[in-house]
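In: For reference, the sequence and a predicted model appear below.
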Amino acid sequence: MKIKEIKQKIVNYRELRRSQKYFAKQLLKVPCLPQIIDRSGDGIAIVAIFKNESRYLAEWIQFHRTVGFDQFILYDNGSNDNSRQIAEDNADNIELTIIDWERFTTHYNPQLLSYSHAAANFGMKSRWMCFIDIDEFMFPVDNRPIGEVLEEYTDIPGVAVPWHMYGTSRHATPPEGGVIENFQHRAIFPPRGGDIAHIYKYKTIFQPRYLTACHVHLPFMSRFPEYFFNERKEKIPRSLRFDTRFASSEVFRLNHYYTKDMASLDAKMNKGRVSALTSGRRKLMKRASIVGEGEICDPIALRKWQHFNALEVG
């Protein structure tokens, strides 16, 4: 490659980064919508973006419906398998919306754009909303539906729930059956050592009426924009998001089945933009090495699903 071409690539990259930073700053300036707008919706919405998740989507939808989510807003990021059909086949007793969401831009993160779209178009129908991935399972620790538990948190804009990272559970290849049945071993919580930033993150279930800017982990809220709240209702500065003194999962759990089996982990590493030695691949490899097989057997999600399924049958 000629020096002139290299210099032009550097200029293009700098322009891209400049536009991305500008866009991010504008997001922070979005005002809270006026309170006179009808926000009478009482649903509990779950938002996710997926691509070729036919193996896992049915279990994910069934589980979250069982624990109390009733609105599913899913963005199909260019699947070429039967993920969409599987989602529609598992839409009993829920309100399901599937939106085609292929990657049409290289400038912005399609995941964040999908979250912004969901908040803007469906937020008013929901009392609560969360942004999670198909390999994440959110649920209440006790045996009440999640909506009943959330009634105790209406005085704060949202609840940040920390990851519990699940490993391979010594599976070399994809086992028969579901994720929560086969992967029951997780890493120590709260994490220890100098690498906790790789595996100690939150996802937030929040009241959309307070949302001012989307974020994958800690959305910005009109009340206390520089803070977030854990389940103990502690007001935590965003700068302390990696401080494990605030770690708490006695009310809500967020299980992150990050690696699954070794074959699935290899496929994840060789998929798309992560296949090269990029920062994304390095982050994935670092997380996988920390979580490993999982040191602690903790089948809480399986027990929870069995409990709620028994109630439905009864």
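Out: Thanks, I have the structure now. Residues are numbered from 1 along each chain as shown.

In: any chance you could map the strands in the stretch 201-314 of the chain?
Out: 202-206, 211-213, 220-221, 227-229, 235-237, 252-257, 296-297 (DSSP state E, counting those that start in this stretch).

In: Please name the residues that touch residue 238.
Out: 218, 226-228 (C-beta atoms under 8 Å, 6 or more residues apart in numbering). Every C-beta, even on glycine, is put in place using the N, C-alpha and C of the backbone.

In: ditto for residue 148
Out: residue 68.

In: quick check, it in a helix?
Out: Yes - counting by DSSP: H, G, I helix; E, B strand; the rest coil, one finds residue 148 located in a helix.

In: can you pull the pLDDT of it?
Out: Note for residue 148: predicted pLDDT of 97.

In: gap between the residue nearest the centre of the chain and residue 139?
Out: Here the mean C-alpha position of the chain is nearest to the C-alpha of residue 132 (C-alpha atoms, centre = their mean), at a distance of 2.0 Å. According to C-beta to C-beta, to the nearest Å, residue 132 and residue 139 sit 11 Å apart.

In: do the same with residue 108
Out: 31 Å.

In: Which residue of these two possesses the greater neighbour count?
Out: residue 139 (25 against 15; other C-beta atoms under 10 Å).

In: Excluding residues flanking it in the chain, which one is nearest that one?
Out: Spatial nearest neighbour of residue 139, chain neighbours left out: residue 67 (4.4 Å); criterion: C-beta to C-beta, 6 or more residues apart in numbering.

In: For that neighbour, grab phi and psi.
Out: Dihedral pair for residue 67: phi -90, psi 0, per degrees, to the nearest 10.

In: Test for you: state the pLDDT assigned to it.
Out: 96.

In: do the one 5 residues further on as well
Out: Model confidence at residue 72, expressed as pLDDT, equals 98.

In: Give me the neighbour count for it.
Out: 21.

In: picking up where we left off before, minimum distance to residue 80: which of the strands of the stretch 201-314 of the chain has it?
Out: strand 252-257 (23.0 Å; C-beta to C-beta).

In: Just flag the most distant two among the contacts of residue 238.
Out: So, these by C-beta to C-beta: farthest apart are 218 and 226, at 10.5 Å.

In: what about the stretch 101-250 of the chain, any weak spots by pLDDT?
Out: 104-106 (pLDDT under 70).

In: ok, which stretches of the stretch 1-150 of the chain are strands?
Out: Using DSSP E, counting those that start in this stretch, strands in the stretch 1-150 of the chain cover 43-50, 71-76, 95-100, 126-131, 136-140.

In: can you list those in a markdown table and add distance to residue 187?
Out: As requested, the strands of the stretch 1-150 of the chain are exported to a markdown table (distance: least, C-beta to C-beta, whole Å):
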| stretch | distance to residue 187 |
| --- | --- |
| strand 43-50 | 23 |
| strand 71-76 | 28 |
| strand 95-100 | 33 |
| strand 126-131 | 22 |
| strand 136-140 | 15 |
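
In: so which of those strands gets nearest residue 213?
Out: strand 126-131 (12.4 Å).

In: what packs against that closest one?
Out: Where contact means 3 or more C-beta pairs under 8 Å, 6 or more residues apart in numbering; DSSP states H and E, strand 126-131 is packed against strand 43-50, helix 110-122, helix 146-150, strand 202-206.

In: any chance of these in CSV, with distance to residue 173 too?
Out: Below are the helices and strands packed on strand 126-131 laid out as CSV (distance: least, C-beta to C-beta, whole Å):
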stretch, distance to residue 173
strand 43-50, 22
helix 110-122, 28
helix 146-150, 33
strand 202-206, 29
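
In: Minimum distance to residue 62: which of the ones you listed has it?
Out: With C-beta to C-beta as the yardstick, what comes closest out of the helices and strands packed on strand 126-131 is strand 43-50 (12.5 Å).

In: so what does the closest one touch, helix or strand wise?
Out: Right, strand 43-50 is packed against strand 71-76, helix 110-122, strand 126-131, helix 146-150 by 3+ C-beta pairs under 8 Å, 6+ apart.

In: Would you tell me which of those gets closest to residue 162?
Out: strand 126-131 (13.5 Å).

In: related to what we said a few turns ago, emit the ChimeraX select command for whichever of the contacts of residue 238 are buried.
Out: Here is the ChimeraX command that selects only those of these that count as buried (16 or more other C-beta atoms under 10 Å):
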select :218,227,228
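
In: Please convert the contacts of residue 238 to CSV, extending it with distance to residue 205.
Out: Formatted as CSV, the contacts of residue 238 follow (distance: C-beta to C-beta, whole Å):
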residue, distance to residue 205
218, 12
226, 20
227, 16
228, 12
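
In: Residue 163 is in contact with residue 199, correct?
Out: Yes - if you go by C-beta atoms under 8 Å, residue 199 and residue 163 touch, sitting 6.5 Å apart.
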